[in-house]
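1. 3D, please:
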Amino acid sequence: MLSDHLPTDRPTQRFGKYPRRVLFLVNSLRLGGSERNMTTFCQHMNRRLYRPKVVTLIPGGELEGALRDAGTDVCCLNRNAPYDVLFVRRALVRIARTNADLIHVFSHAMAFYAAAAKTVYRFRQPMIFSEGTSIAQIGIKRWLHGWALSRFAAYAANSPASRGNLLQSGVPSSRITTIPNPHDVQGGRRRLGDRASVRSALGVHSNETVVLCVCRLIRTKRVCDLVAAMRAPALSSCNVVLMIAGEGPERDRIRCLVNTLNLADRVRLLGTRADVPELLDAADIFVLPSEVEGLPNALIEAALAGIPIVASDIPGVRDVVEACSRVTLVPARRPEQLARAILAYHGCPPQARAQEAVRRQNALSRYCIDNVLGQLYGLYDTVCGRLDDSSWRHVTAR
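-> Model prediction:
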């Protein structure tokens with residue numbers, strides 16, 4: 001049995017001392033929302049207080065270089081197949097043998113591995129789970145997720161929508177802290193002087209209106225609805241061009257729809273991009289047609305940039321745009337309403353966005369990296385302090 005082979009190099013218990021060692025667990029280092037949030041935390045953490053280390057399930061990813069440049073140790077469990085029993089055993093041992101003082105998990109899959117390791121090896125380090133989606137699990141996955149979450153000492157939700165998802169999973173409200181996604185608020189300021197050169201590099205003509213969508217190409221983002229909206233005659237006559245930045249399993253389906261609707265000259269698939277601020281400089285309107293969201297980073301970046309926004313009227317989105325003007329929310333899965341909302345912002349002068357960006361940055365200061373890190377440090381201090389409270393020992397020793 002696994003329990004007969006307990007790790008021999010148990011870490012020294014030093015929860016009240018600094019710097020604390022934090023182990024971040026995440027599926028990969030690709031350009032996903034949770035991965036970006038974790039990377040931002042690692043880049044900005046005060047190393048006198050916390051020393052981060054990252055462990056992933058699968059190797060590679062666009063964010064690995066940024067983590068290593070920030071001096072963060074990165075290693076991978078190298079999962080080859082989801083149901084490899086030998087891999088599961090090795091993964092549990094490696095998590096249990098960590099020398100961290102605190103474990104912070106950023107994905108549902110990693111939550112299962114961490115919970116299983118804690119159940120088998122009964123290590124004392126507290127665990128925190130960050131929820132970044134409002135999508136509820138169903139069937140056996142819902143049961144497994146609920147079981148895994150019961151092994152955590154605390155939970156961080158990035159929005160009220162994500163908090164609601166945790167509550168539906170059976171997590172007590174008293175254990176949930178809402179900590180939004182971190183952003184460089186001042187870095188989001190539009191550089192309007194670069195607009196012409198960026199548009200030129202993208203092959204955009206001066207008389208074209210650029211609609212930008214930045215997201216992972218998965219079904220719940222409903223990018224196909226946005227492509228269908230581009231078929232509206234009114235948008236065609238206004239020289240509107242759609243740029244879609246991102247990759248994902250829906251890419252081929254989206255490309256097929258573009259060709260079927262004869263929109264190849266007006267819809268461009270840009271793939272994965274590391275220059276989103278530059279794309280926002282080139283764009284006239286930002287659109288996010290998702291049907292579910294936790295707290296979309298791309299929407300926050302667009303809001304901070306002062307660009308007009310069209311988005312679905314759903315939880316998560318409303319949490320971001322409540323402080324913004326020049327925002328139109330439409331029901332999800334309604335291409336015709338997307339088209340009308342986009343048309344309403346056609347011809348909006350880009351010079352008006354500078355003042356709007358400053359106003360939004362002040363209104364959205366809750367996403368400032370310094371404020372968010374302060375909340376995260378407070379959660380870490382609270383969880384580590386509970387180890388001296390006997391009423392919490394059943395949580396950390398289960």
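2. so what's the closest residue to Asn239 other than its chain neighbours up against?
-> Spatial nearest neighbour of Asn239, excluding adjacent residues (Cβ to Cβ, 6 or more residues apart in numbering): Glu208 at 4.8 Å. To be clear about C-beta, it is placed using only N, CA and C from the backbone, and glycine gets the same treatment. Glu208 makes contact with Asn239, Val240, Val241, according to Cβ atoms under 8 Å, 6 or more residues apart in numbering.
3. could you flag which of those are buried?
-> Burial by neighbour count, judged by 16 or more other Cβ atoms under 10 Å, picks out Val240, Val241 from the contacts of Glu208.
4. Tell me which residues are up against the one helix or strand Met243 maps to.
-> With elements taken from DSSP states H and E, the one containing Met243 is strand 240-245. Outside of strand 240-245, the residues within contact range by Cβ under 8 Å, 6+ apart are 202, 204, 208-215, 217, 223, 226-227, 230, 254, 263, 266-273, 276, 279, 282-283, 342, 346.
5. Quick one: distance of it to the chain centre.
-> Centroid displacement of strand 240-245 relative to its chain, using Cα atoms, centre = their mean, to the nearest Å, is 22 Å.
6. Show the average pLDDT along the helix or strand following that strand.
-> Heading C-terminal from strand 240-245, the first helix or strand you meet, by DSSP H and E, is helix 251-260. When pLDDT is averaged along helix 251-260, the result is 98.
7. Please save the CA atoms from helix 251-260 in CSV.
-> Taking Å, rounded to 0.1, in the frame of the first residue of the first chain, the C-alpha atoms of helix 251-260 are listed here in CSV:
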residue,chain,number,x,y,z
ARG,A,251,-9.7,26.7,-33.7
ASP,A,252,-10.5,24.3,-36.7
ARG,A,253,-14.2,24.7,-36.1
ILE,A,254,-13.9,28.5,-36.1
ARG,A,255,-11.8,28.5,-39.2
CYS,A,256,-14.3,26.2,-41.0
LEU,A,257,-17.1,28.6,-40.1
VAL,A,258,-15.1,31.6,-41.4
ASN,A,259,-14.6,29.9,-44.7
THR,A,260,-18.2,28.7,-44.9
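8. Can you tell me which of the contacts of Glu208 is nearest Tyr380?
-> Val241 (45.5 Å; Cβ to Cβ).
9. Give me the local confidence score for the spatially closest residue to that closest one that is not a sequence neighbour.
-> The spatially closest residue to Val241, leaving aside those adjacent along the chain, is Glu208, at 5.0 Å (Cβ to Cβ, 6+ apart). As predicted, Glu208 sits at a pLDDT of 93.
10. now do Asp389
-> Model confidence at Asp389, given as pLDDT, is 46.
11. Arg14 too?
-> Looking at Arg14, its pLDDT stands at 53.
12. Give me the domain ranges for this structure.
-> 2-182+369-396, 186-365 (automatic domain parsing).
13. Kindly report which one of the ones you listed carries the lowest mean pLDDT.
-> With a mean of 87, domain 2-182+369-396 has the lowest mean pLDDT of those.
14. So for stretch 207-215, what gets flagged as buried?
-> Within stretch 207-215, the residues scored as buried using 16+ other Cβ under 10 Å are Thr209, Val210, Val211, Leu212, Cys213, Val214, Cys215.
15. The nearest residue to the fourth one once chain neighbours are set aside: neighbour count?
-> This points to Leu212. Leaving aside its chain neighbours, Leu212 sits nearest to Ala283 (3.7 Å; criterion: Cβ to Cβ, 6+ apart). Residues lying near Ala283 (other Cβ atoms under 10 Å) number 28.
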